[in-house]
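Enquirer: with the sequence up front, the predicted model follows.
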Amino acid sequence: MTPLFRRIQPSKKLRITARSIAKFLKISQNLIKRVESWANVVFVHHHKGGQFISYRKLEEWQNAIAHQIQTCPTLGQLSQLKTSIQYDSRKFKKQYLQKTLDFLIEMCIERQDILEIWESANCIAS
């Protein structure tokens with residue numbers, strides 16, 4: 001389990017819906033019988049039986065990381081988070097879409113810019 005996975009705690013904190021699974025699988029929502037959030041994966045019971053899906057492939061995962069980025073209070077913590085994202089995305093390369101990584105990188109850059117402005121403003125005010 002990677003540091004990012006421990007930080008997000010998807011089985012405890014993410015609310016995975018049948019609607020989001022249907023969107024991911026590109027099937028009708030009424031074909032999904034049940035969604036189970038397990039420790040490391042989501043198990044979906046649908047019209048063709050059962051299927052395991054990585055949390056990392058779901059939109060909720062991307063949103064959870066985006067929230068972590070947006071609420072990072074310091075440049076140091078943002079740097080640690082970026083390192084965790086990079087490690088996780090390299091280790092589980094097949095579970096990340098490039099557009100997801102591009103989105104997260106852009107968010108990190110924007111947050112870094114904001115934190116740099118805040119920190120420089122605090123230095124001037126001190």
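Expert: Received it, and whenever you're ready, just let me know what you need.
Enquirer: buried stuff in stretch 103-114?
Expert: With burial defined by 16 or more other C-beta atoms under 10 Å, the residues of stretch 103-114 counted as buried are 104, 107-108, 111-112. Every C-beta, even on glycine, is put in place using the N, C-alpha and C of the backbone.
Enquirer: for residue 101, give me its contacts.
Expert: Remark: with contacts taken as C-beta atoms under 8 Å, 6 or more residues apart in numbering, residue 101 is in contact with residue 89.
Enquirer: and the pLDDT at it?
Expert: Note on residue 101: pLDDT of 93.
Enquirer: how far does the strand or helix carrying it sit from its chain's centre?
Expert: Here residue 101, judged by DSSP states H and E, is contained in helix 98-125. Distance, stretch centre to chain centre, for helix 98-125: 18 Å (C-alpha atoms, centre = their mean, to the nearest Å).
Enquirer: likewise for stretch 59-72?
Expert: With C-alpha atoms, centre = their mean, you get 6 Å for stretch 59-72.
Enquirer: tabulate the CA atom coordinates of that stretch in PDB.
Expert: Provided in PDB are the C-alpha atoms of stretch 59-72 (Å, rounded to 0.1, in the frame of the first residue of the first chain):
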ATOM      1  CA  GLU A  59     -13.200   9.700 -10.900                       C
ATOM      2  CA  GLU A  60     -13.700   9.700  -7.100                       C
ATOM      3  CA  TRP A  61      -9.900   8.900  -6.700                       C
ATOM      4  CA  GLN A  62      -9.000  11.800  -8.900                       C
ATOM      5  CA  ASN A  63     -11.300  14.100  -6.900                       C
ATOM      6  CA  ALA A  64      -9.900  12.900  -3.600                       C
ATOM      7  CA  ILE A  65      -6.400  13.700  -4.700                       C
ATOM      8  CA  ALA A  66      -7.500  17.100  -6.100                       C
ATOM      9  CA  HIS A  67      -9.000  17.900  -2.700                       C
ATOM     10  CA  GLN A  68      -5.800  16.900  -1.000                       C
ATOM     11  CA  ILE A  69      -3.900  19.300  -3.300                       C
ATOM     12  CA  GLN A  70      -6.300  22.200  -2.900                       C
ATOM     13  CA  THR A  71      -6.200  22.000   0.900                       C
ATOM     14  CA  CYS A  72      -2.400  21.500   1.300                       C
END
